[in-house]
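**Student:** only the shape, not the letters, is given here:
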Ligand SMILES: Nc1ncnc2c1ncn2[C@@H]1O[C@H](COP(=O)(O)OP(=O)(O)OP(=O)(O)O)[C@@H](O)[C@H]1O
Ligand SMILES: [Mg+2]
């Protein structure tokens, strides 16, 4: 379509934006936020239309969920549950990052660490750790500690495995550059390996957000029925599907929010990264 | 400083690499007994066909690789690992992509533990020297190939090495930029009188820049060391290219490379 206008108007060049859009393909001139909002509106509209057709025990729809949500906000239940979930979630996530990043850096950098620890990281990443929750409950009881433990254990492995992959992919020539200037192991680690691995660490941290949210909900299912997971389970038991969806939506938003936060953090600590990766956009 | 011997002394250097192949380990004899001396302030080019061991020699002198046998001495002291008396300009610049030009130049001094204000001022001087003042805050992806190479050169100069090792530093540049860089390197050498070991495939470049050209055979030995009797300062590269000495040495080296090469078809020049 655009081709014909292009050839016809060859004497008078089209507006710069059009030309750019044509070069860069579909949607290039539409702001990302507009696309995101349009996508949300369409999705919600479909959900609303088809959700109304279904028996409310099996599914719900946006307006009903919104109503349930307002009630839960008004009686303070939602906020309380949110805080209850957030506390172990953030502490567990923090522990996972503090353990996972150094663990990944070591396994990626030192042969002995890779030989000695690599298999545990791989196993921990691939294993359904949820299966260990009953054991965790035996060790840590049913309170705050067990939730923190479950979140940390689920979140630590994506962080470690990505950091490991990143540290291994640091170009050998850059490490040799450090050696050329008689850099100590510590200098090579902090000035070459870590900055070079940062994008991988951030991917790990982002994946860990999702894992942590799964972890906290599962932990709440298993332990005392507290927090957002508790609401989900209780509402499910009483067939109050709209009410059940409220914490689900909150958790989804939380996932998006936290991932965005990690991205923001990445931009703060590594402002060059966006430029290097995105210099085309 | 008053050491009377050669700046760089290389004796009977050999290097074996062990390459694991499908069947087992294969031994690659990259260097088979290399000996040469380099005087202080001398500019020596190393040339020879691909895979003859030029980079290997440079890396051993730098201290990044260890020889299988033989010795390398700088001012009479045996080389043991890298040191600030030697500096390297890599074939592909090897800049840290997250650092700006000036930060890359500072990198060596940073590892050396030089104070921040001091290293910034040295880096600024070097940046000026290589003509990149305006690009101080650009990151490598915003620099052209020639600019990156200049940053790499500036970085190598910050630690004020006595011996400058350069591995095909201009190999990836187009002819015009390459000539510019050669001129700059000549004037830099004139000013600093550094000892330079310069690997190149470009015979013209070798003759233009150096006092002697070391010609390698394809099997990791030295075929001949050719003296280039072009007086310094060499601040007229165009005129030099027209001289008889330049033409003769250029032809001689070219012929020697042909002779030492058993598979002429592979000579990628
Ligand atoms: N790390 C290594 N492991 C195994 N073999 C190697 C290694 N580095 C170099 N070699 C081998 O040693 C020989 C010499 O390599 P070197 O890199 O020194 O050649 P070069 O003269 O620099 O070649 P070029 O002009 O292509 O850069 C080659 O046969 C190469 O395959
Ligand atoms: Mg080489």
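**Tutor:** On my side now, so go ahead. These numbers come from a predicted model, not from an experiment. Residues are numbered from 1 along each chain as shown, chains lettered A, B, ... in the order given. Ligands and ions are numbered 1, 2, ... in the order given.
**Student:** flag the shaky bits of the chain, pLDDT-wise.
**Tutor:** Reading this off chain A. A:1-28, A:274-281 (pLDDT under 70).
**Student:** look at chain B instead
**Tutor:** B:1-2, B:262-269.
**Student:** report how many residues lie close to residue B:21.
**Tutor:** By the measure other CB atoms under 10 Å in any protein chain shown, the count of residues near residue B:21 is 7. Heads up, the C-betas are built off the backbone N, CA and C, glycines and all.
**Student:** tell me which residues touch residue 82, please.
**Tutor:** Using chain A here. A:227-228, A:250 (CB atoms under 8 Å, 6 or more residues apart in numbering or on different chains).
**Student:** not quite, I wanted chain B
**Tutor:** Applying CB under 8 Å, 6+ apart, we find residue B:82 in contact with A:179-182, B:62-64.
**Student:** again, only using 6 Å
**Tutor:** Counting by CB atoms under 6 Å, 6 or more residues apart in numbering or on different chains, residue B:82 touches A:179-180, A:182, B:63.
**Student:** could you report the neighbour count for the residue nearest to residue B:130 when sequence neighbours are not counted?
**Tutor:** Spatially, and ignoring its direct neighbours in sequence, residue B:130 is nearest to residue B:150 (4.0 Å; CB to CB, 6 or more residues apart in numbering or on different chains). A count of neighbours around residue B:150, defined by other CB under 10 Å, yields 28.
**Student:** circling back to that earlier point, list just the nearest of the contacts of residue A:82 to chain B.
**Tutor:** Taking CB to the nearest CB as the measure, chain B lies nearest residue A:250 of the contacts of residue A:82, at 36.6 Å.
**Student:** please name every helix or strand in contact with the helix or strand harbouring that closest one.
**Tutor:** Assigned by DSSP states H and E, residue A:250 belongs to helix A:241-269. Applying 3 or more CB pairs under 6 Å, 6 or more residues apart in numbering or on different chains; DSSP states H and E, we find helix A:241-269 packed against helix A:62-74, helix A:194-222, helix A:227-237.
**Student:** what comes up buried for it?
**Tutor:** A:241-248, A:250-251, A:254-255, A:258-259, A:262, A:266 (16 or more other CB atoms under 10 Å in any protein chain shown).
**Student:** got the angle between it and helix A:62-74?
**Tutor:** Going by axes from the mean of the first three to the mean of the last three CA atoms, to 10 degrees, helix A:241-269 is angled at 80 degrees with respect to helix A:62-74.
**Student:** what is the burial count for residue 92?
**Tutor:** Because you didn't say which chain, this covers chain A. The local packing of residue A:92 (other CB under 10 Å) involves 25 other residues.
**Student:** wrong one, I was asking about chain B
**Tutor:** Other residues near residue B:92 come to 16 when the count uses other CB under 10 Å.
**Student:** what does it show for phi and psi?
**Tutor:** phi -110, psi 40 (degrees, to the nearest 10).
**Student:** now it: how far from ligand 1?
**Tutor:** Per CB to the nearest ligand atom, to the nearest Å, residue B:92 is found 11 Å from ligand 1.
**Student:** got it, and residue A:180?
**Tutor:** 16 Å.
**Student:** ok, residue B:221 next?
**Tutor:** The value you get for residue B:221 to ligand 1, if CB to the nearest ligand atom is used, is 12 Å.
**Student:** go on, residue A:117?
**Tutor:** Relative to ligand 1, residue A:117 is positioned 27 Å away (CB to the nearest ligand atom).
**Student:** OK, contacts around residue B:194?
**Tutor:** residue B:164.
**Student:** these two touch, right, residue A:44 and residue A:62?
**Tutor:** Yes: between residue A:44 and residue A:62 a contact is recorded at 5.1 Å, counting by CB atoms under 6 Å.
**Student:** chain neighbours aside, what residue packs nearest to residue B:110?
**Tutor:** Closest to residue B:110 by CB to CB, 6+ apart is residue B:119, at 6.3 Å.
**Student:** okay, now the domains of the chain?
**Tutor:** You didn't say which chain, so I picked chain A. What automatic domain parsing lists as the domains of chain A is A:29-59, A:61-279.
**Student:** meant chain B actually
**Tutor:** Taking automatic domain parsing as the reference, chain B has its domains at B:1-85+B:164-269, B:91-160.
**Student:** circling back to that earlier point, so which of the domains of chain A is the most packed in?
**Tutor:** domain A:61-279 (a mean of 18; mean count of other CB atoms under 10 Å in any protein chain shown).
**Student:** ranges for the helices of the stretch 51-200 of chain A?
**Tutor:** In the stretch 51-200 of chain A, the segments counted as helices under DSSP state H, counting those that start in this stretch are A:62-74, A:77-109, A:111-126, A:133-140, A:144-168, A:172-180, A:185-188, A:194-222.
**Student:** between these, which one is nearest to residue B:217?
**Tutor:** Closest approach to residue B:217 among the helices of the stretch 51-200 of chain A (CB to CB): helix A:172-180, 27.0 Å.
**Student:** returning to what we had before: could you look up the SS state of the residue nearest to residue B:110?
**Tutor:** Of the three states, residue B:119 takes helix under DSSP: H, G, I helix; E, B strand; the rest coil.
**Student:** would you pull up the residue in chain A closest to ligand 1?
**Tutor:** residue A:172 (9.6 Å; CB to the nearest ligand atom).
**Student:** ok, that residue to residue B:111 distance?
**Tutor:** 17 Å (CB to CB, to the nearest Å).
**Student:** which helix or strand contains the residue nearest to residue B:130?
**Tutor:** helix B:145-158.
**Student:** for residue B:187, same thing?
**Tutor:** Going by DSSP H and E, residue B:187 is in helix B:175-192.
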